[in-house]
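**Q** Predicted model and sequence follow; I will ask about them next.
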Amino acid sequence: MATDYYTALGVARDATPEEIKRAYRKLARELHPDVNPDPATQDRFKEVTAAYEVLSDPEKRQMYDLGGDPRGGGGAGAGFGQGFGFGDIMDAFFGTQSRGPRPRTSRGKDALIRLQVDLAEAAFGATREIAVDTAVACESCHGAGTAPDTQVVTCTMCGGRGEVQSVQRSFLGQVMTSRPCPQCQGYGTLIPHPCPECSGEGRVRTRRTLTVKIPAGVDTGTRIQLTGEGEVGPGGGQPGDLFLEVVEIPHEVFTRQGDDLHCTVSLPMTAAALGTTLDLETLDGTEPIEIRPGTQSGQVVTLRQQGTHHLRSTGRGDLHVHVEVITPTKLDARQEELLRELAALREEEKPGVQQGNVAQSGLFSRLRDAFNGR
Ligand SMILES: [Zn+2]
Ligand SMILES: [Zn+2]
């Protein structure tokens, strides 16, 4: 006659499923044949396993509590794992969850699209329409994958468990292994009549047009997340997200550095000496800039708040205008005469040499930047 199952596991008659599982796991670790191969321990292991088989199953436990023997008289002498859910014992040993059938419905993948924007769109933001090739839920079957008026049926090979088991020899002795059912691919169900629209996938490929708001201040590499605008998952599952990665098209005049913009203006020598007002084309339209008398080549005129908008705060970057003074190259006789007269007036006909250190002049860093292509 078999020992009382509760006594075998050392638990109270009103033990919770969690307590039973914990008790079995502890005993199984001590008594497992691979740990302790002597025959007495093996008998004890079989007894404990038989007890767990019954007490871990609510139906069998109730039958046992009412005086029946749910193991059909096999008793404690029954072979290891006989009539016993392999998933349960693996669970008890290794803490793994029994997998069970996998759902037909799962979340769709995220998608990434590169989006080219020009400088004005990046600076001020924009609304754009973009076409996306993606998967949407099948309208014919609403994601179920079944043809109209048909249903999924339980898989005959695995009985709906989604996995099939086989016995293999290994260093642990005979081991039950389970693998996804080849007939239903692990779903536990079959679709005898697939939806003709989506071939049972629950979703169809299509081209969709989206209206996208590009926030002001984006730059190359900025990602805009559109939650739920990715592809619908298999079986009509929850859609993934769509990410737009901004690629800014270089502007022919303005170079962007963070949220600041840089450009150059070329100025005749006379205008640089006398001073003038220039009409500069900025992102905001025509903007007058004042060139003071005596402006040098390389001087920078800064227009505050004329760069791109900041992405995460209010305000804007600046626009830096780099002045380049142009020395005249072709002089007619009259111009040359006037310049010589000016030079004489300024006593500059034979200027003295004023040598300086290139590193202190600012010229060196400009040379270096030009050399490095900055
Ligand atoms: Zn369909
Ligand atoms: Zn199956």
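**A** That came through fine. This one's a predicted model, so the numbers in the text were calculated from it and none came from an experiment. Ligands and ions are numbered 1, 2, ... in the order given.
**Q** center of this structure, which residue is that?
**A** For the chain, residue 110 is the residue whose C-alpha lies nearest the centre (Cα atoms, centre = their mean; 7.0 Å).
**Q** Now do the contacts for that one.
**A** Residue 110 makes contact with 230, 240-243, according to Cβ atoms under 8 Å, 6 or more residues apart in numbering. C-beta: built from backbone N, CA, C; applies to glycine.
**Q** Which members of those define the maximum pairwise distance?
**A** Between any two of the contacts of residue 110, the greatest separation by Cβ to Cβ is 9.5 Å, found for 240 and 243.
**Q** Show me whatever sits in contact with both of the two.
**A** Taking Cβ under 8 Å, 6+ apart as the contact criterion, the common neighbours of residue 240 and residue 243 are 110-111.
**Q** Which one's more surrounded, those two?
**A** Neighbour count, other Cβ atoms under 10 Å: between residue 240 and residue 243, residue 240 has more, with 20 against 17.
**Q** ok, and the closest non-adjacent residue to residue 124?
**A** Taking Cβ to Cβ, 6 or more residues apart in numbering, and ignoring the residues beside it in sequence, residue 124 has residue 216 as its nearest neighbour in space, at 5.2 Å.
**Q** So for that neighbour, what's the pLDDT?
**A** Predicted confidence (pLDDT) for residue 216: 96.
**Q** What's the local residue count around residue 278?
**A** 15.
**Q** Equivalent analysis for the one 4 residues further on, please.
**A** As a burial measure, residue 282 scores 17 neighbours (other Cβ under 10 Å).
**Q** Spit out the contact partners of the nearest residue in space to it that is not next to it in sequence.
**A** Here the nearest residue to residue 282 in space, its sequence neighbours aside, is residue 306; by Cβ to Cβ, 6+ apart that works out to 5.4 Å. Under the criterion of Cβ under 8 Å, 6+ apart, the neighbours of residue 306 are 261, 282-284, 287, 316, 318-319.
**Q** Mind checking which of the residues you listed land in strands?
**A** Within the contacts of residue 306, membership in strands is found for 261, 282, 287, 319, as judged by DSSP state E.
**Q** Let's have those residues in a markdown table, adding distance to residue 71.
**A** Below are these laid out as a markdown table (distance: Cβ to Cβ, whole Å):
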| residue | distance to residue 71 |
| --- | --- |
| 261 | 82 |
| 282 | 87 |
| 287 | 91 |
| 319 | 85 |
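**Q** Dump the residues you listed to JSON lines, plus pLDDT and distance to residue 223.
**A** Converted to JSON lines, the ones in strands among the contacts of residue 306 look like this (pLDDT from 0 to 100; distance: Cβ to Cβ, whole Å):
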{"residue": "261", "pLDDT": "96", "distance to residue 223": "23"}
{"residue": "282", "pLDDT": "95", "distance to residue 223": "28"}
{"residue": "287", "pLDDT": "94", "distance to residue 223": "32"}
{"residue": "319", "pLDDT": "96", "distance to residue 223": "27"}
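**Q** which of those residues count as buried?
**A** Buried members of the ones in strands among the contacts of residue 306, scored by 16 or more other Cβ atoms under 10 Å, are 261, 282, 319.
**Q** Dihedrals phi and psi, residue 137?
**A** The phi and psi torsions at residue 137 (degrees, to the nearest 10) take the values phi -60, psi 140.
**Q** Look at it and say how many residues are nearby.
**A** Neighbour count for residue 137, taken as other Cβ under 10 Å: 19.
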